[in-house]
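[1] The following block contains a protein sequence and its predicted model.
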Amino acid sequence: PPLVAAMAAAEAPDVYLLKFEPSASAELIAYTRHAFDQRGGLHTEIDPADPRKLYVRALAEELEHEAEHVGLLKPLAESEDGFVDFAAFEVDLRDTFKGYGDPDFFTAAERVWLLQEMIEHVEPGPDFKTLAHDTSSGHRSAHCGSRTTIVDALLHERMLEFATPLHDNTTRWKLWRSMVSLSELMHLSGSGYLADARAYYGENCAVYFAWMQYYTRSLAVPGALGAALWAYHWDEDMTVDNSPLAPLYSIIVVLWAFAFAKGWNRKNVELGHEWNAPIDGSSTATEVRPAFYGKLHTSPVTGLAELHYPAWKRRCKYAVSAVVTLFMLAVAFVVMICSLNLQGYIPAVDRFGVDNPFHVPELYQFSKAGAIFDPNGPLLLSLLPVVAHSMVILILNQFIYRRIAEALNHWENHRTVDDFESALVLKRFFFEAFDCYIALFYLCFWECDVLRLQAEMQALFATDCLRRVLMETLVPLVMHATSQGIAENKKHDDPVPMAEPKRGSVGTRSRAVQSFSKAAGAIRAAAENDDMMEQCEQFDDYLEMTIQFGYVVLFASAMPLAAVLSIINNVVELRSDATKLSFVSRRPPVSRTASIGMWQNLVIGMAALSALTNSFIVAFTSEQMMQWVPNLFKHHQLDASVEQVVLQGSGRYVVGLVFGLEHALLLAGLLIWFGIKNVPKWVRLEVDRRNFRNDQTLAEIRRQERKRRRALREQR
């Protein structure tokens with residue numbers, strides 16, 4: 001078969017693995033293989049050791065034609081003036097492109113992406129439904145009117161366990177060593193490991209590491225100021241409650257949050273330009289989901305038949321989703337109340353002498369002096385309620401609401417991939433944010449106690465960081481060691497070759513057997529290794545970092561060291577994510593979208609919210625404003641504590657100062673966001689220059705090509 005020769009030509013060729021479910025019939029697998037072979041340009045092979053594994057590959061010349069079809073941008077040969085221009089690849093003009101003929105002219109990620117594009121052009125035929133339903137368990141099938149690929153249809157019918165590009169073991173190890181190197185860790189330029197990560201994993205993975213690096217480097221500003229403020233508070237009489245510098249730190253952090261969001265927006269544009277990749281999610285904005293269903297009607301735009309789902313039905317489903325989410329939020333709120341009672345933060349009577357509706361005496365008694373969770377007792381015992389709260393948050397998010405959110409998202413029947421992913425991000429983020437922040441908001445806005453807010457935030461943040469470090473380092477290492485051991489045992493116990501080459505002369509056949517056996521062994525080893533791995537999922541990585549960003553900016557003065565701890569955590573996170581991506585997860589499909597999507601909007605939203613929360617902390621949760629305008633406040637004895645109260649007749653001025661500060665911060669944020677252009681000047685100039693030169697260069701190349709062909713015809 002053609003695949004045999006192709007695989008024999010390389011030690012680790014670019015291969016896509018499709019592993020079918022045990023319920024998939026042999027006829028369905030054969031039908032799928034035939035569909036790929038009929039497409040043209042794709043070659044398939046069944047693994048004799050496991051007939052449920054189907055390998056798909058394309059030859060180099062076929063990838064070139066696909067690159068021309070999709071208009072893949074590649075650099076042209078360097079001009080006399082030293083500029084390197086880009087143009088859509090053309091097979092007839094391939095010799096004019098820089099580096100053509102080199103093995104890595106197309107990067108590993110580009111080859112996989114081109115292979116994916118070819119696979120995605122294979123659609124299920126009319127007999128697919130019959131074959132799929134022979135063993136289907138009654139799952140809703142994709143409608144005939146929807147434009148879907150055969151891989152998507154197999155996944156939707158639950159006939160396919162997974163489809164993934166196989167890892168290249170040599171490249172993976174080399175890249176991992178670079179990614180975990182501290183000397184390369186904080187590089188953002190193309191000369192760092194970021195370029196290698198993009199070349200192997202693609203833009204969708206590289207942009208996550210770029211964002212993580214940019215975020216971690218940007219934390220140096222609040223980190224340095226926070227450390228200085230913490231040192232200033234070293235005096236026993238100075239706390240975040242009465243610090244005159246804390247309001248200034250809060251203001252700087254809020255402005256930094258807007259500047260960071262804008263700075264990343266500009267950096268994202270730069271990366272999109274350098275990588276020749278879209279940053280607006282255009283690759284998924286109009287892509288119809290295979291699971292989308294509805295009734296066929298004629299499109300008023302194209303005049304073609306397409307699926308339509310009434311908007312009012314989806315709005316009704318949104319309402320049901322909101323009710324389910326509110327119920328889950330109520331569960332999280334009850335857990336928070338229990339935790340705060342166990343820590344002794346909710347007394348029977350609040351600071352103003354009013355009965356506290358959230359006081360639970362059966363739980364509160366465990367926090368009294370001499371009790372098991374006495375805050376002044378043994379440190380480990382006093383932290384148990386916080387640790388338990390953190391664990392419950394993890395269980396609610398990862399094992400309960402995650403599944404509920406995904407089920408609701410599928411039930412809402414979003415049309416496009418972009419709409420589906422955005423809705424899932426919002427559901428998961430708001431639930432986890434509520435879980436993580438609700439205790440802090442309660443202490444900030446209800447109890448108005450900045451010292452308890454600080455204690456709770458330190459405990460929650462430290463516990464969450466420790467949990468992430470353990471989950472992101474020890475667990476991946478154990479999983480990697482386990483999978484390596486299993487793969488090694490399989491390699492010794494089951495040395496069956498994948499296929500036999502075609503017969504030929506003795507010398508030719510011997511060389512082909514040796515070469516192909518080497519390639520087949522690498523492919524089988526990669527397939528067995530990937531079979532034991534989990535699907536790569538960066539959703540939780542983005543979610544954790546966005547939640548961390550909220551800890552840093554929403555309650556800035558309550559925990560000045562949050563940025564410093566975040567830097568330390570993120571350095572470990574970057575290295576552990578590289579390990580997880582290389583050895584714990586399957587190689588992710590390549591997406592050429594260099595954007596973090598909805599997460600950017602959430603970062604901007606939290607930056608805006610931080611203006612309100614920090615202004616409230618300055619005026620009402622602490623005595624920080626009292627240090628600047630003491631003539632508006634006085635101290636008042638309340639039972640065993642002394643609290644600040646607003647002087648009679650001064651309330652209007654305090655409220656005016658609070659909301660004046662909040663509005664001023666929002667105005668400054670708007671000026672930062674809209675006053676600074678999204679596209680850096682050098683990128684605008686480079687785009688204009690590139691477009692101008694490309695038009696001229698390609699026109700000249702085509703003239704020379706036409707001239708050469710005329711000369712050849714005249715010679716003939």
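    Structure received.
[2] Next secondary structure after the lowest-mean-pLDDT helix or strand in the chain?
    Of the helices and strands making up the chain, the lowest-confidence element is helix 2-8, at a mean of 38, by mean pLDDT, DSSP states H and E. Sequence-wise, the next helix or strand downstream of helix 2-8 (DSSP states H and E) is strand 16-20.
[3] which residues in the stretch 501-650 of the chain form helices?
    For the stretch 501-650 of the chain, the helices defined by DSSP state H, counting those that start in this stretch cover 506-531, 539-554, 562-579, 598-616, 624-628.
[4] rank those by pLDDT, which is bottom?
    Here the lowest mean pLDDT among the helices of the stretch 501-650 of the chain goes to helix 506-531, at a mean of 55.
[5] Let's test this: mean pLDDT of stretch 412-429, rounded?
    Per-residue confidence for stretch 412-429 averages out to 89 on the pLDDT scale.
[6] if we look at that stretch, which residues are touching it?
    With contact meaning Cβ atoms under 8 Å, 6 or more residues apart in numbering, stretch 412-429 is reached by 281, 284-289, 291-294, 307, 309, 313-314, 317-318, 321, 325, 397, 401-402, 405-406, 408-409, 539, 543, 546, 597-599, 602. Where you see a C-beta, it was placed from the backbone N, CA and C, and this is true even at glycine.
[7] buried residues in it?
    Burial within stretch 412-429, assessed by neighbour count using 16 or more other Cβ atoms under 10 Å, is assigned to 412-425, 427-429.
[8] same check, this time on stretch 649-656
    Result for stretch 649-656 [16+ other Cβ under 10 Å]: buried residues V654.
[9] Would you pull up how far that stretch lies from the middle of the chain?
    Using Cα atoms, centre = their mean, to the nearest Å, the distance from the centre of stretch 649-656 to the centre of the chain it belongs to is 45 Å.
[10] Out of the buried residues of stretch 412-429, list just those in helices.
    V417, D418, D419, F420, E421, S422, A423, L424, V425, K427, R428, F429 (DSSP state H).
[11] quick one: which of the residues you listed is nearest L248?
    Closest to L248 out of these is F429 (30.2 Å), distances taken as Cβ to Cβ.
[12] What separation is there between the closest one and E68?
    Between F429 and E68 the computed distance is 41 Å (Cβ to Cβ, to the nearest Å).
[13] And P244, by the same measure?
    Separation of P244 from E68 (Cβ to Cβ): 66 Å.
[14] For the longest strand seen in the chain, buried residues please.
    Ordering each strand of the chain by length in residues (DSSP state E) puts strand 50-58 first. Of all the residues in strand 50-58, those buried under the rule 16+ other Cβ under 10 Å are D50, R52, K53, L54, Y55, V56, R57, A58.
[15] Strand partners (parallel or antiparallel) of it?
    Taking DSSP bridges as the criterion, strand 50-58 forms sheet pairs with strand 16-20 (antiparallel), strand 42-47 (antiparallel).
[16] Which elements pack onto the helix or strand following it?
    Using DSSP H and E, the next helix or strand after strand 50-58 towards the C-terminus is helix 60-70. The criterion is 3 or more Cβ pairs under 8 Å, 6 or more residues apart in numbering; DSSP states H and E, and the helices and strands that helix 60-70 contacts are helix 108-119.
[17] Now do the helix it packs on, average pLDDT.
    The model assigns helix 108-119 a mean pLDDT of 91.
[18] With stretch 387-398 instead?
    If you average the pLDDT values across stretch 387-398, you get 84.
[19] Alpha carbons only: can I get it in CSV?
    Output of stretch 387-398 as CSV, limited to C-alpha atoms (Å, rounded to 0.1, in the frame of the first residue of the first chain):
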residue,chain,number,x,y,z
VAL,A,387,-8.7,22.9,53.6
ALA,A,388,-12.1,21.1,53.7
HIS,A,389,-13.8,24.1,52.0
SER,A,390,-11.1,24.0,49.3
MET,A,391,-11.6,20.3,48.7
VAL,A,392,-15.3,20.7,48.5
ILE,A,393,-14.9,23.5,45.9
LEU,A,394,-12.7,21.1,43.9
ILE,A,395,-15.2,18.3,44.0
LEU,A,396,-18.1,20.6,43.2
ASN,A,397,-16.3,22.2,40.2
GLN,A,398,-14.4,19.2,38.7
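[20] quick one: low-confidence parts of the protein?
    Judged by pLDDT under 70, the chain has its weakly predicted residues at 1-13, 78-83, 132-147, 182-192, 235-236, 279-286, 351-352, 472-522, 635-644, 694-698.
[21] just so I have it, where are all the strands in it?
    Under the criterion DSSP E, strands of the chain are mapped to 16-20, 42-47, 50-58, 73-75, 86-88, 160-165, 295-298, 305-308, 633-638, 641-646.
[22] any chance of those strands in CSV, with distance to V335 too?
    Below are the strands of the chain laid out as CSV (distance: least, Cβ to Cβ, whole Å):
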stretch, distance to V335
strand 16-20, 39
strand 42-47, 48
strand 50-58, 43
strand 73-75, 51
strand 86-88, 54
strand 160-165, 35
strand 295-298, 43
strand 305-308, 41
strand 633-638, 29
strand 641-646, 28
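[23] closest to A224 out of those strands?
    Across the strands of the chain, the minimum distance to A224, taken as Cβ to Cβ, is reached by strand 641-646, at 30.1 Å.
[24] between the helices of the stretch 501-650 of the chain, which one is nearest to F358?
    Closest to F358 of those is helix 598-616 (Cβ to Cβ; 19.4 Å).
[25] Kindly calculate the angle that that closest one makes with helix 539-554.
    Here helix 598-616 runs at 20 degrees with respect to helix 539-554, directions being taken by axes from the mean of the first three to the mean of the last three Cα atoms, to 10 degrees.
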